[in-house]
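In: Take a look and give me a structure for this.
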Amino acid sequence: MADVHDPATRSRNMSAIRGKNTKPEHQIRRALHARGFRFRLHSAGLPGRPDLVLRKYRAVIFVHGCFWHGHNCPLFRLPATRTAFWEAKITGNRARDTWQEAELLADGWRVAKIWECALKGPERIGADAVAGALAAWLPEDGARLEMRGRAQ
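Out: Residues are numbered from 1 along each chain as shown. Below is the predicted model:
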């Protein structure tokens, strides 16, 4: 199937897709900041450049988009065009996520993964609920936390 856009328009559309400072990320940052947590953003010295780094708790938080990280939820649907490309891209993203999480855990960091479906879509639980779970998890000793939409 041919693309509905010419190459210049498609390039402009794809370049507008952000990899950081996304709306779900802003929701989590706002909610955690309101609860008194202070953090650094996108720390280049850590594997995967986590979205939020809370050094005081030796914890990092990733806010993953369900499409880009291949989450099995209603927000993820593999595109019908260039399927082989997208399968390889998303499989590579997932493998890199797994490797980065293992590196962080081996270095003594605690890792929280927040999926986009927890913050938007029909099964969302909302930013306040996610921030509440993070606020309860941060002072504890749990190595991992994963938040996703309601029905998963």
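
In: Residue 24 against residue 63, yeah?
Out: Yes. Contact criterion CB atoms under 8 Å: residue 24 and residue 63 qualify, at 5.1 Å. Using the backbone N, CA and C atoms, a C-beta is placed for each residue, glycine as well.

In: Could you tell me which residues touch both of those two?
Out: 114, 116 (CB atoms under 8 Å, 6 or more residues apart in numbering).

In: For the closest residue to residue 64 other than its chain neighbours, give me its contacts.
Out: Closest residue to residue 64 apart from its sequence neighbours, by CB to CB, 6 or more residues apart in numbering: residue 115 at 5.5 Å. Residues counted as contacts of residue 115 (CB under 8 Å, 6+ apart) are 64, 66, 69, 71, 73, 146, 147, 148, 149.

In: Following the lowest-mean-pLDDT helix or strand in the chain in sequence, what is the next regular element?
Out: In the chain, no helix or strand scores lower on mean pLDDT, DSSP states H and E than helix 7-15, which sits at a mean of 73. Sequence order places helix 23-34 as the next helix or strand after helix 7-15, per DSSP states H and E.

In: Next one, pLDDT for residue 19 please.
Out: According to the prediction, residue 19 has pLDDT 63.

In: correction: residue 151
Out: 59.

In: A helix includes residue 97, no?
Out: Yes. According to DSSP: H, G, I helix; E, B strand; the rest coil, residue 97 belongs to a helix.

In: And the spatially closest residue to it that is not a sequence neighbour, how far from residue 63?
Out: Distances taken as CB to CB, 6+ apart put residue 69 closest to residue 97, at 6.1 Å, once the chain neighbours are dropped. The gap separating residue 69 from residue 63 is 10 Å, by CB to CB, to the nearest Å.

In: Those two: which has the busier surroundings?
Out: Neighbour totals were compared for residue 69 and residue 63, and residue 63 leads with 25 against 17 (other CB atoms under 10 Å).

In: how about the more buried one, secondary structure?
Out: strand.

In: Likewise for residue 111?
Out: strand.

In: What is the burial count for residue 60?
Out: 26.

In: Mind listing what's buried along stretch 141-152?
Out: 145, 147, 148, 149 (16 or more other CB atoms under 10 Å).

In: Switch these over to JSON lines; also include distance to residue 96 and secondary structure.
Out: Output for those, formatted as JSON lines (distance: CB to CB, whole Å; DSSP: H, G, I helix; E, B strand; the rest coil):
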{"residue": "145", "distance to residue 96": "20", "secondary structure": "strand"}
{"residue": "147", "distance to residue 96": "20", "secondary structure": "strand"}
{"residue": "148", "distance to residue 96": "19", "secondary structure": "coil"}
{"residue": "149", "distance to residue 96": "23", "secondary structure": "coil"}
